[in-house]
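Enquirer: Model the structure of this input:
(one chain, ligands or ions: 2)
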Amino acid sequence: METTLAIFLFLTLLLSFMSSFVVGQNGPRAFFVFGDSLVDSGNNNFLATTARADSPPYGIDYPTHRATGRFSNGLNIPDIISERLGSQPTLPYLSPELTGQRLLVGANFASAGIGILNDTGIQFLNIIRIYRQLDYFRQYQQRVRALIGEAGAKQLVNRALVLITLGGNDFVNNYYLVPFSVRSTQFTLPAYVDYLIQEYSRILEKLYDLGARRVLVTGTGPLGCVPSEIAQRGRNGNCAEEPQRAAALFNPRLVDMISKLNNKAGSNVFVAANAFKMHMDFIESPQSYGFVTSKVACCGQGPYNGLGICSVVSNLCPNRDAYAFWDAFHPTEKANRLIVEQILSGNTDYMHPMNLSTIMELDSRV
Ligand SMILES: *[C@@H]1O[C@H](CO)[C@@H](O)[C@H](O)[C@H]1NC(C)=O
Ligand SMILES: *[C@@H]1O[C@H](CO)[C@@H](O)[C@H](O)[C@H]1NC(C)=O
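Expert: Ligands and ions are numbered 1, 2, ... in the order given. Coordinates of the predicted model:
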């Protein structure tokens, strides 16, 4: 009996020693992802919602050639960041495979359809709104504490890289969803932007309180230039003006808000990624980036393949690398790679106050 106990204790100690080694200075840092469909890696597969990407041809260029819930033909932005960190892709938090040592790689809490506001994406029914994502992050930390102890868990979270992508749906799937939407009768566009920024700031402060210390915060992309908007609202194939105006108002305010939060924290915890500019580069000159077009989605139907959902009955382009947009809203893997390239090494017009290469360099010294 006593020998069994001793062996058990020894194994427990050995295991906690080994896991503290895994999260120690030399292991890749953990990675946590929050946000919407641009970064969802499959949480919605486990939910009763219409916002899903778990059937073909989604995932056609993914290593398994299977639909995984990623809104891409292949890898999404978090996957490519993980690749560059030298880590495994983070599993969706709802995945039953996310147990044991795999928890130490991090987790992806994102859910397609959500926004900054609780009332964004209500038409998608059962999705994980941002405050729920933060609750899950708290729950995740309890599970990690049980695995590697209090101090190890705290260090893992403090040293982690965090990505949060929110805001697009607050316009597309809320303010502009229907003419005379509740929010658009309640707020002028600039007042709505103020409100979103104020609420986003509360969310980022919560993330800080939960231990996040390096957080990439993406602004919205060029909302009026996605094939869906070009098809429905654009004139002669041009970007739709109104959503473009929204994105142009929102993004500079986000950078200001982040600077204020960093001043308050006394360090550069939050980094603004200018997704608008990153996209506009290849939207304005697709050929320079090897795309035949940035207006037509690879998968879809109707003008610019911008109407309805991408499914087995949609038009499908033979070469996904020649298209900037995979479906009516989401970039192809090729475009995601261009975006991550700028996240890593863009100048301060793209990454403010600094890029991810600089962050990794700084953090490797401490
Ligand atoms: C959204 O919901 C969360 C809790 O679920 C709440 O704490 C928060 O205040 C709500 N936000 C707004 C703007 O009502
Ligand atoms: C961004 O990263 C690159 C390294 O890839 C570096 O040379 C450059 O100075 C960085 N830019 C800024 C503004 O930090």
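Enquirer: ok, now which ones touch the closest residue to Q232 other than its chain neighbours?
Expert: Leaving aside its sequence neighbours, Q232 sits nearest to G306 (Cβ to Cβ, 6 or more residues apart in numbering; 7.0 Å). The C-beta positions use only the backbone N, C-alpha and C, and glycine is treated the same way. Under the criterion of Cβ atoms under 8 Å, 6 or more residues apart in numbering, the contact partners of G306 comprise 226-232, 296-297, 300, 328.
Enquirer: try it again with 7 Å
Expert: With contacts defined as Cβ atoms under 7 Å, 6 or more residues apart in numbering, the neighbours of G306 are 227-228, 230-232, 297, 300, 328.
Enquirer: again with L85
Expert: By Cβ under 7 Å, 6+ apart, the contact list for L85 reads 28-29, 31, 161.
Enquirer: May I ask which of these has the most neighbours?
Expert: Ranked by neighbour count under the definition other Cβ atoms under 10 Å, the contacts of L85 are headed by L161 with 24 neighbours.
Enquirer: Helix or strand next in line after the helix or strand of the chain with the lowest mean pLDDT, which one?
Expert: Lowest mean confidence among the helices and strands of the chain (mean pLDDT, DSSP states H and E): helix 2-22, at a mean of 46. With elements assigned by DSSP states H and E, the helix or strand that comes after helix 2-22 is strand 31-35.
Enquirer: Show me what secondary structure element comes after that next one.
Expert: Using DSSP H and E, the helix or strand that follows strand 31-35 in sequence is helix 77-85.
Enquirer: ok, I122 to I164 distance?
Expert: If you measure I122 against I164 using Cβ to Cβ, to the nearest Å, the figure is 21 Å.
Enquirer: Tell me which of these two has more neighbours.
Expert: Ranked by neighbour count (other Cβ under 10 Å), I122 and I164 place I164 first, with 26 against 15.
Enquirer: just how off-centre is stretch 236-244 within its chain?
Expert: Here stretch 236-244 shows a centroid-to-chain-centroid distance of 24 Å under the convention Cα atoms, centre = their mean, to the nearest Å.
Enquirer: Same question for stretch 233-250.
Expert: Worked out by Cα atoms, centre = their mean, stretch 233-250 lies 22 Å from the chain centre.
Enquirer: do stretch 29-42 as well
Expert: Averaged C-alpha coordinates place stretch 29-42 at 5 Å from its chain's average position (Cα atoms, centre = their mean).
Enquirer: And for stretch 277-290?
Expert: 21 Å.
Enquirer: export that stretch as PDB, just CAs?
Expert: The C-alpha atoms that make up stretch 277-290 are tabulated as PDB, following Å, rounded to 0.1, in the frame of the first residue of the first chain:
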ATOM      1  CA  LYS A 277      -4.600  48.500 -44.300                       C
ATOM      2  CA  MET A 278      -3.300  44.900 -44.500                       C
ATOM      3  CA  HIS A 279      -6.400  44.000 -46.600                       C
ATOM      4  CA  MET A 280      -6.400  47.200 -48.700                       C
ATOM      5  CA  ASP A 281      -2.900  46.500 -50.000                       C
ATOM      6  CA  PHE A 282      -4.000  43.400 -51.900                       C
ATOM      7  CA  ILE A 283      -7.500  44.800 -52.600                       C
ATOM      8  CA  GLU A 284      -6.100  47.800 -54.300                       C
ATOM      9  CA  SER A 285      -3.500  45.900 -56.400                       C
ATOM     10  CA  PRO A 286      -4.400  42.200 -56.400                       C
ATOM     11  CA  GLN A 287      -2.000  41.400 -59.200                       C
ATOM     12  CA  SER A 288       1.000  42.600 -57.200                       C
ATOM     13  CA  TYR A 289       0.200  39.900 -54.800                       C
ATOM     14  CA  GLY A 290      -0.400  37.100 -57.300                       C
END
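Enquirer: Counting neighbours, which bits of it end up buried?
Expert: Buried residues in stretch 277-290, counting neighbours by 16 or more other Cβ atoms under 10 Å, are found at 277-283, 286.
Enquirer: a markdown table for these, including distance to ligand 1, pLDDT and secondary structure?
Expert: Putting these into a markdown table (distance: Cβ to the nearest ligand atom, whole Å; pLDDT from 0 to 100; DSSP: H, G, I helix; E, B strand; the rest coil) gives the following:
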| residue | distance to ligand 1 | pLDDT | secondary structure |
| --- | --- | --- | --- |
| K277 | 29 | 97 | helix |
| M278 | 29 | 97 | helix |
| H279 | 28 | 97 | helix |
| M280 | 30 | 97 | helix |
| D281 | 34 | 97 | helix |
| F282 | 35 | 97 | helix |
| I283 | 32 | 97 | helix |
| P286 | 38 | 98 | helix |
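Enquirer: Give the burial count for Y140, as a bare number.
Expert: Other residues close to Y140 by other Cβ under 10 Å number 20.
Enquirer: Can you get me the start-to-end distance on stretch 177-197?
Expert: Distances were taken as Cα to Cα, to the nearest Å; on that basis the terminal residues of stretch 177-197 are 20 Å apart.
Enquirer: quick one: it near ligand 1?
Expert: No. Judged by Cβ under 6 Å from any ligand atom, stretch 177-197 makes no contact with ligand 1; its nearest approach is 8.4 Å.
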